[in-house]
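>>> Dropping a prediction and its sequence here:
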Amino acid sequence: MYEVKDGQRTLQFSGKKLGESSSYQRGSTRWIEFKLYRTDNGSYVLSRVGVSLVYHTAGCKLVERYGLQEQFAAELSDAALPCEECDPTPYVPYIFPEKHRYWAQVSDDAESVLDALYKYDNNGARYLTKVAQRLLEQASEFDQNIEQIYRIELIP
């Protein structure tokens, strides 16, 4: 039984993990992690987690932008890193760690998975990030539908 989060919700299902990919690099303070599953009934579950190790002080503009006002922590993990803008020390009275951002999508077909992974630049051009490409490359080894939709694109 697998579990993935979608915001505050948890999706539970039986199936097979087709692949996973991360944009993490040594020294990263924030990165994205993808996982792709195929359920026993043939649906796809795409999971994305935005991971952050960064924490802030109460006056940092990012606390409001990221909606961190609702939480504060007296303790930080050993991996936590201070924001470069507000440069908090771990000893100030209120520390606001960034939260992991969970997103998941359930799709009936491989095309919807691919569509969810596409990004668009400022000119509207569609592209896949390297982390999305690595996920699809790995999943293509285990799922013929993903392989067909990823490797061959019909241009009208």
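Now that the structure is in, tell me what you want to look at.

>>> Next SSE downstream of the longest helix anywhere in the chain?
Secondary structure of the chain per DSSP state H: the longest helix is helix 130-140. Proceeding N to C from helix 130-140, the next assigned helix or strand is helix 144-151, under DSSP states H and E.

>>> ok, now which ones touch Ser28?
By CB atoms under 8 Å, 6 or more residues apart in numbering, no residues touch Ser28. Every residue, glycine included, has its C-beta placed from N, CA and C.

>>> any idea how far it lies from Lys61?
From Ser28 across to Lys61, the span is 22 Å (CB to CB, to the nearest Å).

>>> Quick one: end-to-end distance for stretch 22-37.
15 Å (CA to CA, to the nearest Å).

>>> any idea how far Lys5 is from the nearest residue to Glu20 once chain neighbours are set aside?
Spatial nearest neighbour of Glu20, excluding adjacent residues (CB to CB, 6 or more residues apart in numbering): Lys35 at 4.5 Å. Relative to Lys5, Lys35 is positioned 11 Å away (CB to CB).

>>> What of Lys61?
Counting by CB to CB - Lys61 and Lys5 are separated by 27 Å.

>>> So this protein: which segments form each domain?
2-52+100-151, 54-97 (automatic domain parsing).

>>> how about a markdown table for those domains, with mean pLDDT added?
Formatted as a markdown table, those follow (pLDDT from 0 to 100):
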| stretch | mean pLDDT |
| --- | --- |
| domain 2-52+100-151 | 96 |
| domain 54-97 | 74 |
